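# whatever this is, show me its structure:
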Amino acid sequence: MAEAWSNVCRQCIATVSDVPPTILLAAATATGLGLFVLFVTFLFIVAPTPRDPLPEEKKYKTLAKDGAITNPESLPGWLDNLNAQKRASKNPEIEPAELFMSVVVPAYNEEDRLAGMLEEAVNYLEHMYGTPGRDEEKEASTVSTRSTRKRKTATNGQATNGHATGSASDRGWEILIVSDGSTDRTEEVAFSFARDHQLSMHPKGYAGPWTPKAQEGVHIPPGTIRVVSLTHNRGKGGAVTHGMRHARGQYVVFADADGASKFEDLGKLVKACQDIEDAGGRGVAVGSRAHMVGSEAVVKRSKLRNFLMHSFHMILWLMTPPKTATVKDTQCGFKLFSRNSLPFIVPYMHSEGWIFDVEMLMLAEFARIPVAEVPVGWREVGGSKLNVIRDSIGMAWGLAVLRAAWSLGIYRQK
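Residues are numbered from 1 along each chain as shown. Next comes the predicted model:
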C-alpha cells in the first residue's frame, strides 16, 4: 500500500513538473482569488448588521412631578439630527449638550440588582452635578443625620476630579435605563425607585454593592430617571448604543446595572477624559480592573474562568489594532465618552453582544480619539447572565468577525 501511494505521488510530481510555470501561477492565483471571494462572501453573511430601532423604541417614560408615570415622549436624538444635516448637505455638527452627565444603564431582567446600583449612582450624581438653583435646598437639608452624604470636599480627592462645582456648565444629570426586552419587573423597579426619591425629601435608601447597609436616600428632581423599552432583546451592546444615541450630556458614561464598578470613581473618568481631550473636545476614558489581577477578587474565581480571561486577552492582543491592543481591560462595564467623540463612534457600531466594547475602542482608534485607561474599584456581584464557556467562545468568534469585517472594508466609517 505504501509503495502504491509512493508511485502515485511520483506520478503527480512528474505531471506537475511538465506544466508551464505560467499556467501553475495562473491556477494558484485563481484558486487564491476564489478562496478570498468565498471568504468575503461568507463574511458578508455572518457579519452582524443591527436592526433599525422601532418607532416605539425612540420614546421614553419618566415620572411627572406628582409621581405619575408619563405617557411615552419622544427621545431627543442627536444622531437623527446629525443625519438630517448630512442629507441637507450641511456641515454636520452635534447639537450642544443640555446637561453635564448622561448615564446609560443597559438592563435585561435586573429587578433584583437595579435599585442598589441606582441608589449609589443618584447619590453621587445629585451631590456632584445637582441641578442649578438647588444648592440652597441641598445645603438646608444636609443635617447631621445625613453627614455621610455631604458633598465631598477637595481633601478627599473627589471634588477636584474634573468638577468645578460653581458653574452651570458642569451641572445637570440624567439616567437612561434601557430595558433590553426585559420580561420581569425591571421597569417597575426603576419607576418605584424614582418615585421614592422624587416625592420625598428623605427617601428610603437601598443597599448596594458598595453600600451594604441601606442609608437614607437623596432627593432627586423630576424627570432625571428615564426608562426606554426595547421591544425585543438586542444584547448589551445594542442597548448601550441605543441609549447613547439619545444622551443629552456633555459626557456620557455607560454603567452595568449590577453596580459592580464603584460609581464614585466616575470623577476619575471625567478628570482623565478632560486631561486627554484633543482640540475637537474628543476623548474616551475606560474604567479598568487590570490593577486587580492577583487580588482576592480575581484569585477566588475558578481556574477555568481565569484561564479563559487570559486567553481572551491574548486573542485581543493578536487581533485588534495597535492602540486598542494596549488597553489592559476592554470589558469593564464603565466607560465614559465626551459628547464630541460620539459622532465618530456611535453611528458605526455593529456589534450588539459582549464584544461591543472592543468595537467602540477600535472606532476611537480609527478616528484618532485619545483614550485613557483609569483604574476603578470593582466587586463581584451575584446574578451575572454571562455563561463563561459559551460566551467566551462567542466573544472570540465575534472579535474575529469584527476585525475581518473592518479590515476588508465590509464595515466602513462613511
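
# for the chain, what helix or strand is lowest in average pLDDT?
helix 135-141 (a mean of 42; mean pLDDT, DSSP states H and E).

# C-terminal to that one, what's the next element?
Following helix 135-141 in sequence order, the next helix or strand is strand 173-180 (DSSP states H and E).

# quick one: list the elements packing against that following strand.
Contact analysis of strand 173-180 by 3 or more Cβ pairs under 8 Å, 6 or more residues apart in numbering; DSSP states H and E lists strand 99-107, helix 114-129, helix 186-199, strand 225-230, helix 236-245 as its packing neighbours. (Glycine included, C-beta is placed from N, CA and C.)

# turn those into TSV, columns for mean pLDDT, distance to Ala68 and mean neighbour count.
Converted to TSV, the helices and strands packed on strand 173-180 look like this (pLDDT from 0 to 100; distance: least, Cβ to Cβ, whole Å; neighbours: other Cβ atoms under 10 Å):
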stretch	mean pLDDT	distance to Ala68	mean neighbour count
strand 99-107	97	22	26
helix 114-129	96	19	24
helix 186-199	96	9	20
strand 225-230	98	14	24
helix 236-245	97	24	26
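
# gap between the two ends of stretch 381-391?
One end of stretch 381-391 to the other measures 18 Å (Cα to Cα, to the nearest Å).

# quick check: mean pLDDT of it?
The pLDDT scores in stretch 381-391 average 76.

# beta partners of Arg102?
Quick fix: residue 102 reads Ser, not Arg. Glu174, Val252 (DSSP bridges).

# not counting sequence-adjacent ones, nearest residue to Gln85?
Leaving aside its sequence neighbours, Gln85 sits nearest to Pro92 (Cβ to Cβ, 6 or more residues apart in numbering; 4.3 Å).

# residues touching the one you found, list them.
Taking Cβ atoms under 8 Å, 6 or more residues apart in numbering as the criterion, Pro92 is in contact with Leu82, Gln85, Lys86, Pro343.

# tabulate those (CSV), appending neighbour count, distance to Pro221 and pLDDT.
Output for the contacts of Pro92, formatted as CSV (neighbours: other Cβ atoms under 10 Å; distance: Cβ to Cβ, whole Å; pLDDT from 0 to 100):
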residue, neighbour count, distance to Pro221, pLDDT
Leu82, 20, 28, 93
Gln85, 15, 31, 90
Lys86, 12, 35, 88
Pro343, 17, 29, 97
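
# longest helix in this protein, by number of residues?
Ranked by residue count under DSSP state H, the longest helix found in the chain is helix 21-46.

# elements contacting that one?
Packed against helix 21-46 by the contact rule (3+ Cβ pairs under 8 Å, 6+ apart) you find helix 388-407.

# picking that back up, which one of the contacts of Pro92 is nearest to Ile355?
Of all the contacts of Pro92, Pro343 has the smallest distance to Ile355: 21.9 Å, by Cβ to Cβ.

# so the closest one sits against Asn83, correct?
No: counting by Cβ atoms under 8 Å, Pro343 sits too far from Asn83 to count as a contact (10.1 Å).

# just the buried positions in stretch 390-404, please.
Asp391, Ser392, Met395, Ala396, Gly398, Leu399, Val401, Leu402, Arg403, Ala404 (16 or more other Cβ atoms under 10 Å).

# next one: the closest residue to the last one other than its chain neighbours from Gly235, what distance?
When the adjacent residues along the chain are set aside, Ala404 lies closest to Leu43, with 5.6 Å between them (Cβ to Cβ, 6+ apart). From Leu43 across to Gly235, the span is 20 Å (Cβ to Cβ, to the nearest Å).

# which one of these two is surrounded by more residues?
Neighbours per residue (other Cβ atoms under 10 Å) separate Leu43 from Gly235, with Gly235 holding more: 21 against 16.

# next up, the contacts around the more buried one.
Contacts of Gly235 (Cβ under 8 Å, 6+ apart): Asp180, Glu352, Gly353, Trp354, Phe356.

# could you dump those residues into a markdown table with distance to Ala367, neighbour count and secondary structure added?
A markdown table is the format used below for the contacts of Gly235 (distance: Cβ to Cβ, whole Å; neighbours: other Cβ atoms under 10 Å; DSSP: H, G, I helix; E, B strand; the rest coil):
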| residue | distance to Ala367 | neighbour count | secondary structure |
| --- | --- | --- | --- |
| Asp180 | 27 | 26 | strand |
| Glu352 | 20 | 24 | coil |
| Gly353 | 22 | 17 | coil |
| Trp354 | 23 | 18 | coil |
| Phe356 | 17 | 24 | helix |
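
# what's the local residue count around Gln331?
18.

# ok so it is a helix residue?
No: read with DSSP: H, G, I helix; E, B strand; the rest coil, Gln331 is coil and lies in no helix.

# please list all residues in contact with the spatially closest residue to it that is not a sequence neighbour.
Computed as Cβ to Cβ, 6+ apart, the closest residue to Gln331 that is not its neighbour in sequence is Asp357, at 5.7 Å. Asp357 makes contacts with Gly237, Thr330, Gln331, Cys332, Gly333, Lys335, as judged by Cβ under 8 Å, 6+ apart.

# in the stretch 201-350 of the chain, which spans are helices?
Counting by DSSP state H, counting those that start in this stretch, residue ranges of the helices within the stretch 201-350 of the chain are 236-245, 266-276, 296-299, 303-319, 322-325.

# out of these, which comes closest to Ala121?
helix 266-276 (8.6 Å).

# mind giving me the packing neighbours of that closest one?
In this structure, helix 266-276 packs against helix 114-129, strand 249-255, strand 284-288, strand 334-338, strand 371-375, with contacts taken as 3+ Cβ pairs under 8 Å, 6+ apart.

# okay if I get the ones you listed as JSON lines plus distance to Trp78?
Shown next, in JSON lines, are the helices and strands packed on helix 266-276 (distance: least, Cβ to Cβ, whole Å):
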{"stretch": "helix 114-129", "distance to Trp78": "19"}
{"stretch": "strand 249-255", "distance to Trp78": "10"}
{"stretch": "strand 284-288", "distance to Trp78": "17"}
{"stretch": "strand 334-338", "distance to Trp78": "12"}
{"stretch": "strand 371-375", "distance to Trp78": "21"}
